[in-house]
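Engineer: quick one, fold the following:
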Amino acid sequence: MGKLGKKLKNAYSQMNKETLYPVEESVSLLKKLAPAKFDESVDVAVNLGVDPRKADQNVRGTVMLPQGTGKTVRILVFAKGEKEAEAKEAGADYVGADELAEKIQGGWLDFDKVIATPDMMGLVGKLGKVLGPRGLMPNPKTNTVTFDVKKAIESLKGGMVDFRVDKTGIVHSLIGKASFKEEDLLENYKAFIDSVIRLKPSSSKGKYIRKITISSTMGPGIVCELPK
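Structural biologist: Modelled structure (predicted):
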């Protein structure tokens, strides 16, 4: 067993898998148990009482994490003319149209988020098979199809994350890094959970939030108490 394996084994030995931890305790434990030498990402996973196959229960949204994500977001913008200039000025990493589409078709994917002006969606739509499965397709619901490219870029660089329920009924989100202060992780956690709660579909019956787990990239999953 390597050093990381021993650290992980030690991490698991310090927690009780059957325990539901208050979120403050969960975050404290997560920071203590993050075993890697690099600054691990912190993820929250929420099991929902919804049927994702039903369109009206397909929970999807965006949330601005008040303390940011701690991650450098590389943004690609499909735009032309004055909107292209606006995107460059606002700090987009890549801006263009046909030449970017060709690069993507050729397998280039060195970016984290894609924004497009509405008039570019005919071109972007052709990239659906490449961008869609990777969660990179621009969408009006996540404010990534817009003429206000400056605001969209600032939001994504500033800590805006989008999320959607997967086919198993779970929503995931990055909420920061293991190096964040506990209070900053808690603030981001609360913002995300509040956002998920607000999106509860009216057709969802029974218990909506069934389980919440937080984890660092290499650390164990810690199950949190459900919000009151």
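Engineer: centre-most residue in this structure?
Structural biologist: S173 (3.8 Å; Cα atoms, centre = their mean).
Engineer: this protein: helices as residue ranges?
Structural biologist: Under the criterion DSSP state H, the chain contains helices at 3-13, 23-33, 81-89, 98-105, 121-125, 128-131, 149-158, 182-198.
Engineer: turn those into TSV, including distance to M218 and mean pLDDT.
Structural biologist: All C-beta atoms are positioned from the backbone trio N, CA, C, and that covers glycine. Output for the helices of the chain, formatted as TSV (distance: least, Cβ to Cβ, whole Å; pLDDT from 0 to 100):
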stretch	distance to M218	mean pLDDT
helix 3-13	7	60
helix 23-33	9	90
helix 81-89	35	96
helix 98-105	31	95
helix 121-125	35	95
helix 128-131	28	94
helix 149-158	26	92
helix 182-198	17	96
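Engineer: before we move on, back to that, and the gap between the residue nearest to the centre of the chain and G132?
Structural biologist: Plainly put, S173 is 19 Å away from G132 if you go by Cβ to Cβ, to the nearest Å.
Engineer: G68: which of the helices of the chain is closest?
Structural biologist: helix 149-158 (6.4 Å; Cβ to Cβ).
Engineer: same for the closest one, what does it pack against?
Structural biologist: Packing partners of helix 149-158 (3 or more Cβ pairs under 8 Å, 6 or more residues apart in numbering; DSSP states H and E): strand 75-78, helix 81-89, strand 113-116.
Engineer: show me how far that helix is from its chain's centre.
Structural biologist: Relative to the centre of its chain, helix 149-158 is centred 15 Å away, using Cα atoms, centre = their mean, to the nearest Å.
Engineer: ok, now stretch 181-189?
Structural biologist: Centroid displacement of stretch 181-189 relative to its chain, using Cα atoms, centre = their mean, is 16 Å.
Engineer: for stretch 63-80, same thing?
Structural biologist: How far stretch 63-80 lies from its chain's middle: 10 Å, per Cα atoms, centre = their mean.
Engineer: how about stretch 182-195?
Structural biologist: Offset of stretch 182-195 from its chain centre (Cα atoms, centre = their mean): 13 Å.
Engineer: so what's the residue count around K80?
Structural biologist: Number of residues near K80 (other Cβ atoms under 10 Å) recorded here: 15.
Engineer: got it, and S216?
Structural biologist: If you count neighbours by other Cβ under 10 Å, S216 ends up with 23.
Engineer: now do D119
Structural biologist: By other Cβ under 10 Å, 13 other residues sit near D119.
Engineer: and for P227?
Structural biologist: P227 has 12 nearby residues by other Cβ under 10 Å.
Engineer: quick one, what contacts it?
Structural biologist: 193, 197, 209 (Cβ atoms under 8 Å, 6 or more residues apart in numbering).
Engineer: need the contact list for the last one.
Structural biologist: I209 makes contact with 46-49, 193, 196-197, 226-227, according to Cβ under 8 Å, 6+ apart.
Engineer: now A55: how far from G169?
Structural biologist: According to Cβ to Cβ, A55 stands 15 Å off from G169.
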